[in-house]
Structure formats: structure tokens, C-alpha cells
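>>> Provide a 3D model corresponding to the input given below.
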Amino acid sequence: MALILCIETSTAVLSVALARDRAVVAERVCTEPRQQAALTAPLVKEVLSEAGVDMAQCDAVCVSAGPGSYTGLRVGVSTAKGLCFGVDIPLLSVGTLDILVAGCYSAGAKRHRGSGGLVPQFVEDNMDDKGCRASFIVPMIDARRMEVYTAVYSGEGERLTPVEAQVVTEASFASELAQGQVLFVGDGALKCAQVLRHPHALFREAFPLARHMVPLAQDAWETGRFEDLAYFEPFYLKDFVATVSKKQLW
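You can find the predicted model right below:
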């Protein structure tokens with residue numbers, strides 16, 4: 001029965017959760033933007049305190065691997081590495097888009113057997129107005145202007161295309177939209193609604209949360225998919241570009 005600390009810092013929403021055997025026992029969520037550097041460590045301390053455990057009792061730390069905010073990812077990974085190194089426990093990671101897709105399922109829902117094996121039960125957000133399951137899920141992380149970090153997933157949550165940075169146009173995802181309902185979910189989804197005007201398109205604003213990492217982290221733990229603590233780096237997808245401030249400093 002694994003005790004796993006999950007840290008999600010890839011977008012504007014910061015969250016930390018502690019889970020025991022797929023069940024969340026404590027969590028903190030901060031919706032104030034750009035607080036990863038200041039609040040990640042304090043929130044970790046809070047969830048451990050609430051659960052009445054210390055880091056040495058944890059079996060692993062799982063961190064959101066990206067893509068997402070360059071600074072946010074670096075803070076999350078650095079914190080996770082430091083915690084793992086300090087008490088000599090494994091580091092796990094899960095993709096940020098996978099976390100968004102996991103959030104389209106009911107947390108802790110009873111699993112049922114489908115054509116692809118054991119899959120979680122869908123929640124209302126993955127249904128159209130008639131209660132039909134979406135054929136595809138397209139998570140979107142805002143990458144400014146009309147660009148998003150994205151990939152196409154099946155209605156059962158299986159990733160079908162590589163993760164990429166894509167500029168969304170009227171022609172984007174035409175093949176998927178022609179086949180059935182497509183759920184666009186994430187902090188980059190709503191801005192695409194003005195472009196993807198199709199009757200099969202559903203849009204939900206959402207953020208990847210640490211609580212949605214729990215089943216993915218547990219799967220990684222059970223299958224031994226541990227990261228190299230010394231060499232693991234976030235999946236930035238795009239190189240960091242420094243900009244020069246326009247403010248006069250003197």
C-alpha cells in the first residue's frame with residue numbers, strides 16, 4: 001500500500017496531494033498565479049502535517065513532467081528531486097496532458113472492464129448533452145496566442161498522437177470532429193472555441209491537479225517506472241526564450 005506525494009506545478013494553478021493506495025488523504029490547491037516558487041514547499045509541509053506523516057514515511061514522490069510553464073516545471077521537479085534525495089525514495093513522473101485527461105474521469109470511481117481493459121468511469125464533463133461519451137479527448141495547455149500544447153486521446157483515455165505545440169486554426173482536429181464528439185479540455189480550451197466552430201466540439205476549462213495524478217502515479221509505482229534522480233528533466237517541449245523587460249530601470 002504505497003504512500004505517494006504528488007506535486008503539480010505546470011500551469012497557473014499549483015496543487016499538492018498525498019495519496020495512500022489511490023485514495024487522496026490530504027491536498028492543497030493554490031489558484032493565485034505564479035506562486036510555485038513561494039508556496040510549493042509550504043504546501044508539501046501542510047499536506048504531510050494534515051496526514052500526520054513525514055517524508056521518510058512516503059514511498060515515492062510523483063511530479064508533473066510537462067509540458068507547461070518553464071518556471072513552474074523547474075520548481076516542481078527541483079522540489080521533488082530534493083525531497084526524494086533527502087529521504088532516499090524513488091521519483092515518479094507523469095505527463096501533464098495525461099493528468100488533464102485523467103481529470104475527465106471521476107476521482108476514485110469504481111473501474112469497469114472495457115474493450116481496452118480496466119478503464120475509469122467517465123464523469124459528466126466527458127459526456128455530450130445526450131449523455132453520450134465523447135469519441136476523443138483533446139487536452140490543451142495554453143502556450144500563448146492561438147498556440148497550445150496538445151495531443152489527441154481516445155474516449156477511453158489512450159493517447160493516439162504525439163504531444164506537440166500546435167497553432168489552432170479552423171482546420172485543426174477536422175478528422176476527429178468528423179468522427180464524433182470531441183472534448184477539448186484545459187486552460188487553453190476556451191480560447192479555441194472561437195475558432196473550432198463545430199457541432200461536435202465540447203469545451204471545458206480545467207487545470208491539471210495533483211489529485212488527478214494519483215491513479216497515474218500508483219500505476220507508475222506498481223510497474224516500477226522510476227526516474228533517474230540525477231538526470232531527470234521536465235518535458236519543456238519548446239526551448240525557453242528569455243525576453244527583455246520594456247520597463248526603464250534607470
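>>> domains for the protein, by residue range?
With automatic domain parsing as the criterion, the domains of the chain are listed as 3-96+208-222, 104-204.
>>> Quick one: end-to-end length of the first one, please.
Yep, that's domain 3-96+208-222 we're talking about. Using C-alpha to C-alpha, to the nearest Å, the end-to-end distance of domain 3-96+208-222 comes to 12 Å.
>>> I'd like the mean pLDDT over it, please.
Averaged over domain 3-96+208-222, pLDDT sits at 97.
>>> So which other helices or strands are in contact with the helix or strand where Val148 lies?
Assigned by DSSP states H and E, Val148 falls within strand 147-150. When contacts are defined as 3 or more C-beta pairs under 8 Å, 6 or more residues apart in numbering; DSSP states H and E, strand 147-150 packs onto helix 96-102, strand 136-142, strand 164-167. (C-beta placed from N, C-alpha, C; glycine too.)
>>> got the contact list for stretch 21-32?
Under the criterion C-beta atoms under 8 Å, 6 or more residues apart in numbering, residues 1-2, 12-19, 39, 43, 46-48, 50-51, 107-108, 209-211, 214-215, 218 lie in contact with stretch 21-32.
>>> Among these, which lie within helices?
Among those, the members falling in helices are 39, 43, 46-48, 50-51, 210-211, 214-215, 218 (criterion: DSSP state H).
>>> thinking His141 is in contact with Val148, fair?
One correction, residue 141 is Ile, not His. Yes - between Ile141 and Val148 there is a contact under C-beta atoms under 8 Å: 6.1 Å.
>>> Would you mind listing the residues touching both of these two?
Residues touching both Ile141 and Val148 comprise 186, 188, with contact defined as C-beta under 8 Å, 6+ apart.
>>> By residue count, which helix of the protein is the longest?
The helix of greatest length in the chain, counted in residues with DSSP H as the criterion, is given as helix 70-87.
>>> Mind giving me the packing neighbours of the following helix or strand past it?
The first helix or strand that comes after helix 70-87 along the chain, using DSSP H and E, is strand 91-94. Contact here means 3+ C-beta pairs under 8 Å, 6+ apart; on that basis strand 91-94 packs against strand 60-64, helix 70-87, helix 210-222.
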